[in-house]
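Trainee: sequence below, structure please.
(one chain, ligands or ions: 3)
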Amino acid sequence: MAEEKLLVKRNGDFHYPIYFEEDFSNLSQVLRDEQMEGRRICVVADSNTAALYGEAVQKELSMAAAEVLMFVFSAGEPNKNLDTVKDLYRFLIQHEIDRTGILAALGGGVTGDLTGFGAATYLRGIDFIQIPTTLLAQVDSSVGGKTGVDFEQYKNMVGAFHQPRLVYMNLSTLKTLPPKEFSCGMGEVIKTGLICDKDFFQYVQNCQPKVSQMDLAVLASMVRRCCTIKAGVVERDPREKGERALLNLGHTIGHAVEKLKDFQLLHGQCVGLGLIAAGYISMQRGLLTVSEYEQVCSCCASYGLPLTVSGLDPEEVLSATKKDKKMERGHIKFIFMDGLGKTFISTDLTDEEMLAGIREICV
Ligand SMILES: NC(=O)c1ccc[n+]([C@@H]2O[C@H](COP(=O)([O-])OP(=O)(O)OC[C@H]3O[C@@H](n4cnc5c(N)ncnc54)[C@H](O)[C@@H]3O)[C@@H](O)[C@H]2O)c1
Ligand SMILES: O=C(O)C(=O)C[C@@H](O)[C@H](O)[C@H](O)COP(=O)(O)O
Ligand SMILES: [Zn+2]
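Mentor: Ligands and ions are numbered 1, 2, ... in the order given. Take a look at the predicted model:
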């Protein structure tokens, strides 16, 4: 089942690889292949991932590294903040990690975003690698170099673009992922199909039974397809000057809900809600048929994503959408669906249209 590695272009001719594996046993060889051996590595993991995979990863990396340290922080989005980054800086300074040091993000998107930001800023930038263990991190956050933390309830408000030196996926880690976390990854998978690949969206609709059986061959091809699509977008537009904003489909309303729910609803769940709202808005503009909109909803539902959220005032959600990063001269850069598998960016969305979409998900 092992898939060929995928190469992502970074800075002209330099490429970084994404490895699709079934265990951690090739980690040390991969470090050697990428000429990163003999250096000190600090593995960054949250409390859950450290307990599950910390020892195995530390052991594998030790075979090619000069030393392997482990920095552990408390799991959860509320800890993706500058306080945790400060704790990481202190740990790195205390252990005299210099510019030859490497950070290894072992875990989900929270760990990857935080570690990448630490690596981008510590000593003005050191190398880091991604070892994603959630579906969301494997299909989305470990690729593309968006790193950062939340700041005073604002999502990803402080960050940097910093590409990893390599991404190593052990697909078997998905077997220990709680079902709710797995659905979160499916939110980003569905988003990926809707952005630019109708065939892939239909594949995702149809393969739900195999995915729910954790069929590794199906999961591998799904993860690889998402990485291929994302890598293509990121190669063409690494710093989100244009096309990359499409990867934000569902995130304008999704991030507003995530923030107003105090991060009690998970990122992928909020992306699912945001997809439904964006689908509704697109349908109201005549860009999606009723049947296409229903397919977006039923695909999300089939993977256990919520279709509605309670306890939110739609007007408050609307004003929260205006505090996200996607504003351009006072207008939101909104991602519309234009049929299934096609999207475009526009700044002409009215408050009334946005409110109608928000009302569709708020109960
Ligand atoms: N940088 C990007 O491009 C990008 C893209 C998408 C999302 N994100 C960010 O990613 C974050 C969400 O990531 P996430 O959904 O992976 O959340 P997460 O990192 O919090 O992981 C979810 C939970 O699963 C646990 N976990 C991780 N791997 C496990 C495993 N194999 N088995 C059992 N438990 C495991 C974690 O400890 C955590 O409790 C958000 O902060 C979001 O903003 C970033
Ligand atoms: O990689 C990207 O670009 C994305 O937009 C992927 C999103 O899934 C991800 O949630 C990202 O962190 C959102 O970016 P932001 O700039 O809106 O914070
Ligand atoms: Zn996202």
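Trainee: need the residues of the stretch 51-200 of the chain near ligand 2, please.
Mentor: Proximity of the stretch 51-200 of the chain to ligand 2, by CB under 6 Å from any ligand atom, involves residues Asp140, Gly144, Lys146, Lys155, Asn156, Glu188. All C-beta spots, glycine's among them, are computed from the backbone N, C-alpha and C.
Trainee: at 5 Å what do you get?
Mentor: Within the stretch 51-200 of the chain, the residues that sit near ligand 2 (CB under 5 Å from any ligand atom) are Asp140, Gly144, Lys146, Asn156.
Trainee: which ones among those also lie next to ligand 1?
Mentor: For ligand 1, the contacts drawn from those by CB under 5 Å from any ligand atom are Asp140, Lys146.
Trainee: in the stretch 51-200 of the chain, where is pLDDT below threshold?
Mentor: Residues of the stretch 51-200 of the chain meeting the criterion pLDDT under 70: none.
Trainee: how about 80 then?
Mentor: 153 (pLDDT under 80).
Trainee: show me the helices in it, by range?
Mentor: Ranges of helices in the stretch 51-200 of the chain, per DSSP state H, counting those that start in this stretch, are 55-62, 82-94, 109-121, 135-136, 179-196, 198-206.
Trainee: tell me which of the ones you listed sits nearest to ligand 1.
Mentor: Closest to ligand 1 of these, according to CB to the nearest ligand atom: helix 109-121, at 2.0 Å.
Trainee: please see if that closest one touches ligand 1.
Mentor: Yes. Applying CB under 5 Å from any ligand atom, one finds that helix 109-121 is in contact with ligand 1 at Gly109, Val110.
Trainee: that helix packs against which elements?
Mentor: strand 40-46, helix 82-94, strand 102-107, strand 127-132, strand 146-151, strand 154-161 (3 or more CB pairs under 8 Å, 6 or more residues apart in numbering; DSSP states H and E).
Trainee: now that helix against helix 179-196, angle please.
Mentor: With axes from the mean of the first three to the mean of the last three CA atoms, to 10 degrees defining the directions, helix 109-121 sits at 70 degrees from helix 179-196.
Trainee: need the CA coordinates for helix 109-121. CSV is fine.
Mentor: What follows is helix 109-121, C-alpha atoms only, in CSV (Å, rounded to 0.1, in the frame of the first residue of the first chain):
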residue,chain,number,x,y,z
GLY,A,109,-2.8,20.7,13.2
VAL,A,110,-2.4,22.4,16.6
THR,A,111,1.0,20.9,17.1
GLY,A,112,2.0,21.6,13.5
ASP,A,113,1.0,25.2,13.5
LEU,A,114,2.6,25.9,16.8
THR,A,115,5.8,24.1,16.1
GLY,A,116,6.1,25.6,12.7
PHE,A,117,5.7,29.1,14.2
GLY,A,118,8.3,28.2,16.9
ALA,A,119,10.7,27.1,14.1
ALA,A,120,10.0,30.2,12.0
THR,A,121,10.8,32.6,14.8
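Trainee: within range of ligand 1, give me the residues from the stretch 101-250 of the chain.
Mentor: Within the stretch 101-250 of the chain, the positions near ligand 1 by CB under 5 Å from any ligand atom are 107-110, 133-134, 136-137, 140-141, 146, 173, 176-177, 181, 184.
Trainee: report the two of those separated the most.
Mentor: The largest distance within these, taken as CB to CB, falls between Lys146 and Thr176 and amounts to 25.7 Å.
Trainee: who has more neighbours, the two?
Mentor: Neighbour count, other CB atoms under 10 Å: between Lys146 and Thr176, Lys146 has more, with 24 against 12.
Trainee: now stretch 84-97, how far from the chain's geometric center?
Mentor: Here stretch 84-97 is found 25 Å from its chain centre; the criterion is CA atoms, centre = their mean, to the nearest Å.
Trainee: now do the strands in this structure.
Mentor: Secondary structure of the chain (DSSP state E): strands located at 3-10, 14-21, 40-46, 67-73, 102-107, 127-132, 146-151, 154-161, 166-170, 327-328, 331-332, 334-337, 343-346.
Trainee: elements contacting the second one?
Mentor: With contacts defined as 3+ CB pairs under 8 Å, 6+ apart, strand 14-21 has these neighbours: strand 3-10, strand 166-170, helix 216-236.
Trainee: the same query, at a cut-off of 10 Å, please.
Mentor: Contacts defined by 3 or more CB pairs under 10 Å, 6 or more residues apart in numbering; DSSP states H and E place strand 14-21 against strand 3-10, helix 27-33, strand 127-132, strand 166-170, helix 216-236.
Trainee: can I get the second one in PDB? Just the C-alpha atoms.
Mentor: Only the C-alpha atoms of helix 27-33 are listed here, as PDB (Å, rounded to 0.1, in the frame of the first residue of the first chain):
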ATOM      1  CA  LEU A  27      11.900   7.900   9.800                       C
ATOM      2  CA  SER A  28      15.700   7.600  10.400                       C
ATOM      3  CA  GLN A  29      16.400   6.600   6.800                       C
ATOM      4  CA  VAL A  30      14.300   9.500   5.600                       C
ATOM      5  CA  LEU A  31      16.300  11.900   7.700                       C
ATOM      6  CA  ARG A  32      19.500  10.500   6.100                       C
ATOM      7  CA  ASP A  33      18.000  10.700   2.600                       C
END
